[in-house]
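Asks: sharing a model that was predicted from the sequence below.
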Amino acid sequence: MKDTDGRAIFYEVVSSFRRDNIINKYHNLTLLSLSYLLDREESYNMMSCAIAARKAATRLPFSKQWPGIRHAAAASTIVGDEPRMQNGWGASLLAIAALTSAASVLGSTTATPTLAEAKKDTEVEEESTRILNWSGTHHVDLAPDTYHEPETQLELETLVAEAYRKGQHIRPVGSALSPNGLAFDSRGMVCLSNLDKIVEINKEEMTVTVQAGARVSQVLDALRPHGLTLPNLASIAEQQIGGFVSVGAHGTGVLIPPCDEFVTALTIVTPSENGVVKMTDATHGQLFRLARLGLGGLGILSEVTLKVVPAHRLVEQTSVLSRSEAKKQLPTLLKRHKHIRYMWIPYEDCVVVVTNDDENDLPLLGPGTEVSDGKGGRKKIVTAEDIKPKFSRDEQFAPLRDLLRKLLESKNDASLDDDMINGMGFGDLRDVILASGNMLDPDHVKRCNKAEHAFWAKAGGIELAPSDQKLQFDCGGQQWVYEVCFPSGTYGMPGTTSIDFMQDLLDEIESSGIPAPAPIEQRWTSGSTSPLSPASVGPQENESYASKNALFSWVGVIMYLPSEDFDPTGYRRQFITDYFKDKYCKLVRRVGEKYGIMCHWAKLEVSDDPNDSNAEVAASVRKHFGPSVIQAFNSARDKYDPKRILSSSVIDQHRSSKVCLMGGSVPGGVDREQRRLASG
């Protein structure tokens, strides 16, 4: 077998894990180090087995994927009559490197388990269940019999009815992608990963109906043969549909609302006397709009109907502007392009601009080649010459590779040679560069940001691909993220608010010496009629030109976390976590106060300091939405979840501080605690 064949297998392993949302950014270096095995014949078998193990694992329940991968990897490595256990455990190592929660499995063994035994292993009741979110920043441990994965609608309904009768907690969780662990609650949880059927594709109504456990990627795959797709994506496609809409996920596009607006009908299973409730805007009005973006607090979404659009390809253009150019050109760019995002690089006069437009509707002043439209006018098309990159891959990556080599040389670190460095992608290079120094040292972060600026200066260009590919992108390694949303005028008159906010934010970051890595991402959407959306435009009956054409800006700041290779004790991660929550997030809130910001529900982070009650965060949430929305939400909860068994700490209270975000009466929460204190 040729070495190139082996590398192809290796990269298929990596991409397949990423595609199925199993990859753990902790272990990128472990993945890279395994590529060294590709000059050995046995390693090809190991890689092929890992692919099979990954595919087998995704057919298992969410909480039981690890044992299946481990045993399938080991069982699939018999060459001839001799068990090759070293290769089996090599495949297991690859699984460890890819799983979101690695287990301690290495040790002595005398027999190779069969696939039947592996399946049997997964059926053994675990003592407890631990769920880790995608970014590795939050986890939850659940006692036996408190984590559920129903396999049928009837089983779900029975589970919810029984939980209601007993007052037992069953907080719904999707793919565990929310950076702040919004769905986590140690009292009890339910995951709908087994309820993932595509129920109906209606080309006449241009809708798709799915069970809420279906992942966005599954829906896209089902729509593709019908020439259809979803109107927008939210950076990735591994969210379960229930979570996708419940937290108000969003993409970018000034005429495209957040994803909750795609919902035309839904079914919720409620822990109340109401049982199963089917809703549309026509039948339930505001209750429907509260339930579709209900944070999992009004019922467990079991079925969702979404709008779809014709499948199309997008022309993506990436370019670099100075900050002054970005400010000057923004009003034009917002109107010219279907999708647009800015990536600001702190401490650098650099804004990376990424635009996407339908290949059949390219703006004349946008990317591509101008030709006759055959009707006496002109149009733009994309040619092979347009797509051809101006710089080679080596030229593009040179600034990042050179910086990494210098950092390694300064520490006499020979752990990465040129082959490994040259095999890294952009995100991996940035992760390793940052982790190779003090990630809270502004000077170190500035050097990384400078190299990233140089990379983007040569990495710009034009690409053409289906929309479901171009609207996804690499979000980088494990990270803390805090994203806020604020009104930015209207489509016709965007004004300067979104740029003013960025200028104020960057001024504060740079004058305070915040070690802010790139990028600070900025996106735009239209408004949502869901009352709890950060981009809410208010009641539908009060629609006006301003609400119909409302424009909102979304800005996200991040701090990356080192992998276990660079931080085996976890101390560095803890220092970064404390700094991010106690300084960076508070700085963003301070800057955003005058802009009326509201945090993305899945990215609302607060301080872990026991002396910080986080009261100002809860107060700002209630102030932003106003008493009428808070009251309407809590009234809906009284109707559909009177015992609050769907609640979570993010919605109701933050740990022992008893800070209630949504107000109202919370069992064991603010009101009860206040009564206890009052009674002495």
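Replies: Thanks, I have the structure now.

Asks: where does the stretch 101-250 of the chain have low pLDDT?
Replies: 101-126 (pLDDT under 70).

Asks: do a quick rundown of the strands in it.
Replies: Here the stretch 101-250 of the chain has its strands, by DSSP state E, counting those that start in this stretch, at 129-132, 139-142, 147-148, 171-173, 189-191, 198-202, 207-211, 228-229.

Asks: pLDDT at the residue located most distally from the centre of the chain, what is it?
Replies: Within the chain, the residue lying farthest from the chain centre (C-alpha atoms, centre = their mean) is residue 376, at 45.6 Å. For residue 376, the pLDDT comes out at 88.

Asks: specify the local secondary structure of it.
Replies: coil (DSSP: H, G, I helix; E, B strand; the rest coil).

Asks: thinking again about what came up before, deepest of the strands of the stretch 101-250 of the chain, which one?
Replies: Among the strands of the stretch 101-250 of the chain, strand 171-173 has the highest mean neighbour count (mean count of other C-beta atoms under 10 Å), at a mean of 28. Quick note: C-beta positions are derived from backbone N, CA and C, even for glycine.

Asks: direction included, what does it pair up with?
Replies: Strand 171-173 pairs in its sheet with strand 189-191 (parallel), by DSSP bridges.

Asks: run through who's touching the partner strand.
Replies: With contact meaning C-beta atoms under 8 Å, 6 or more residues apart in numbering, strand 189-191 is reached by 62-63, 131, 140, 142, 146-150, 156, 159-160, 169-174, 183, 213, 300.

Asks: repeat that for stretch 137-154.
Replies: With contact meaning C-beta under 8 Å, 6+ apart, stretch 137-154 is reached by 61-63, 101, 125-133, 156, 159, 168-170, 179-181, 184-195, 211, 302, 478-480, 561, 577.

Asks: let's have the strands of the stretch 101-250 of the chain in JSON lines, adding distance to residue 372.
Replies: Formatted as JSON lines, these follow (distance: least, C-beta to C-beta, whole Å):
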{"stretch": "strand 129-132", "distance to residue 372": "56"}
{"stretch": "strand 139-142", "distance to residue 372": "59"}
{"stretch": "strand 147-148", "distance to residue 372": "62"}
{"stretch": "strand 171-173", "distance to residue 372": "54"}
{"stretch": "strand 189-191", "distance to residue 372": "55"}
{"stretch": "strand 198-202", "distance to residue 372": "38"}
{"stretch": "strand 207-211", "distance to residue 372": "38"}
{"stretch": "strand 228-229", "distance to residue 372": "30"}
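
Asks: for residue 345, find the nearest of those strands.
Replies: With C-beta to C-beta as the measure, strand 129-132 is the member of the strands of the stretch 101-250 of the chain nearest residue 345 (30.1 Å).

Asks: does anything pack onto the closest one? Which helices or strands?
Replies: When contacts are defined as 3 or more C-beta pairs under 8 Å, 6 or more residues apart in numbering; DSSP states H and E, strand 129-132 sits against strand 139-142.

Asks: now the strand it packs on, how far from the chain's geometric center?
Replies: Averaging C-alpha positions (C-alpha atoms, centre = their mean, to the nearest Å) puts strand 139-142 19 Å from its chain's average.

Asks: who does it pair up with?
Replies: Strand pairing for strand 139-142, using DSSP bridges, gives strand 129-132 (antiparallel).

Asks: what sits up against the helix or strand harbouring residue 525?
Replies: According to DSSP states H and E, residue 525 maps onto strand 520-526. Counting contacts by C-beta under 8 Å, 6+ apart, the residues outside strand 520-526 that touch it are 250-258, 334, 340-346, 488, 491, 498, 502, 505-506, 535, 549-558.

Asks: from those, which land in helices?
Replies: Using DSSP state H, the members of these that fall within helices are 334, 498, 502, 505, 506.

Asks: please produce TSV containing these, extended by neighbour count and distance to residue 639.
Replies: TSV is the format used below for those (neighbours: other C-beta atoms under 10 Å; distance: C-beta to C-beta, whole Å):
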residue	neighbour count	distance to residue 639
334	20	40
498	25	38
502	22	42
505	25	40
506	19	45
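
Asks: residue 407: which of those residues is nearest?
Replies: Distances from residue 407 to those, taken as C-beta to C-beta, are shortest for residue 506 (25.6 Å).

Asks: ok, the closest residue to residue 643 other than its chain neighbours to residue 187 distance?
Replies: Of all residues not flanking residue 643 in the chain, residue 167 sits nearest, at 5.2 Å (C-beta to C-beta, 6 or more residues apart in numbering). Distance, residue 167 to residue 187, by C-beta to C-beta, to the nearest Å: 10 Å.

Asks: the two: who's more crowded?
Replies: residue 187 (17 against 11; other C-beta atoms under 10 Å).

Asks: burial measure for the nearest residue to the more buried one once chain neighbours are set aside, as a count.
Replies: Distances taken as C-beta to C-beta, 6+ apart put residue 169 closest to residue 187, at 3.6 Å, once the chain neighbours are dropped. Other residues lying near residue 169 total 21 when counted by other C-beta under 10 Å.
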